[in-house]
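Peer 1: okay, here's the prediction I keep looking at, along with the sequence it came from:
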Amino acid sequence: MTDRSVSWTDADSVARLLARATAPKRAPKPPFGPSSAAAARPMPAPAPARGSVPPPPSVRPPARSKSLPPKPVPRLEHTSDNPSDRLDALLAWTLDNQRCTGAFVADDNGLTLAAHGISEAHVSLVGPLLSALVGVRSIPGIDATAGALWLGSNMMSWVEARTERGGFCLGAVGLEPLSTRAFEQLKEALETTVRGL
């Protein structure tokens, strides 16, 4: 056996080839091109061919404002003296103008006088809730004439109004609690409705 390798490659030439292959690439200079300042300027877009449709201009969507002003809520106006019509008008106004999926009106005995868009389970909770609020109202410094309570995945918000004939509660059921302004609107609408009942 001899000391010579039977390989036809030379180690030095392989090393040179690998060094050239892994070296960073340099951009070729144009032989007769423009100066570097002219090369930095963007080229104008080519004119469209005759009979072709030009591309649509880029349209930027209008900027969205971060907070939209609240939608003005109209005051509840009653056109009937019939108690049933007035309660129906109150529920329709509540569903149209507040962020809720259902609404109800109950008296201070827990009797549901009108309801729309709420389940029987929610209606059955109204009586015990209002009875509990009578006890809460007796605690000095606690105002239980408005509030909100999670019922499963829904929030029940309510306001109360007192008259010479007793108290009435307007409740709204939705996915989130109502705002302070919404509570004020509900209370005003409830007082307008039960006045003179």
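Peer 2: Sure, I can see it. Numbering: from 1, shown residues only.

Peer 1: any idea which helix or strand comes after the longest helix anywhere in the chain?
Peer 2: Secondary structure assigned by DSSP state H gives helix 120-137 as the longest helix of the chain. Note on helix 120-137: by DSSP states H and E, the next helix or strand toward the C-terminus is strand 146-151.

Peer 1: remind me what the helix or strand that that next one is followed by packs against, helices and strands.
Peer 2: Using DSSP H and E, the helix or strand that directly follows strand 146-151 along the chain is strand 154-163. Strand 154-163 sits against helix 120-137, strand 146-151, strand 166-174, helix 180-194, with contacts defined as 3 or more CB pairs under 8 Å, 6 or more residues apart in numbering; DSSP states H and E. From N, CA and C alone the C-beta is placed, and that goes for glycine too.

Peer 1: what strands flank the second one, and is each parallel or antiparallel?
Peer 2: So the one you mean is strand 146-151. Here strand 146-151 has these sheet partners by DSSP bridges: strand 154-163 (antiparallel).

Peer 1: pull out the buried positions in the partner strand.
Peer 2: 154-161 (16 or more other CB atoms under 10 Å).

Peer 1: a markdown table for these, including distance to Arg181 and pLDDT?
Peer 2: Output for those, formatted as a markdown table (distance: CB to CB, whole Å; pLDDT from 0 to 100):
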| residue | distance to Arg181 | pLDDT |
| --- | --- | --- |
| Asn154 | 21 | 89 |
| Met155 | 16 | 92 |
| Met156 | 18 | 90 |
| Ser157 | 12 | 92 |
| Trp158 | 16 | 90 |
| Val159 | 12 | 92 |
| Glu160 | 18 | 90 |
| Ala161 | 17 | 91 |
